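J.: with the sequence up front, the predicted model follows.
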Amino acid sequence: MTDRPEWVKCVLLPEDNALTWCARQLEPAEFAFTSIDHAALNGKHGGRLVACSGCVRLIIGALSRGIAVD
Ligand SMILES: [Zn+2]
């Protein structure tokens, strides 16, 4: 967590409230987006925080499975 800007935040998996899409265990008191919706709406509205690129890549992969992506 120390090697990235403080405004980059992971996205939690729904199955486990401490594990992120990019397979990190949250640090105590670490902020994370609580769902894909939370991260996506934050991005849509131009929020200050930005979703972790590892989480985003895995979410897009999951959403795109079986779909031809240009
Ligand atoms: Zn992440």
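T.: Yes, it's here. This is a predicted model, so every value here is computed, not measured.

J.: and the chain, which of its residues are near the ion?
T.: Within the chain, the positions adjacent to the ion are 10, 20, 22, 52, 54-55 by CB under 5 Å from the ion. Where you see a C-beta, it was placed from the backbone N, CA and C, and this is true even at glycine.

J.: 6 Å instead?
T.: Applying CB under 6 Å from the ion, we find that the chain lies next to the ion at 10, 20-22, 24, 52, 54-55.

J.: now do the helices in the chain.
T.: Here the chain has its helices, by DSSP state H, at 36-44, 53-64.

J.: got TSV for the ones you listed, with distance to residue 3 too?
T.: TSV is the format used below for those (distance: least, CB to CB, whole Å):
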stretch	distance to residue 3
helix 36-44	20
helix 53-64	12
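
J.: how about CSV for those, with mean pLDDT and mean neighbour count added?
T.: Putting the helices of the chain into CSV (pLDDT from 0 to 100; neighbours: other CB atoms under 10 Å) gives the following:
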stretch, mean pLDDT, mean neighbour count
helix 36-44, 97, 15
helix 53-64, 95, 14
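
J.: average pLDDT across stretch 5-25?
T.: For stretch 5-25, mean pLDDT is 93.

J.: name the residues of that stretch that are buried.
T.: Of all the residues in stretch 5-25, those buried under the rule 16 or more other CB atoms under 10 Å are 9-13, 19-22, 24.
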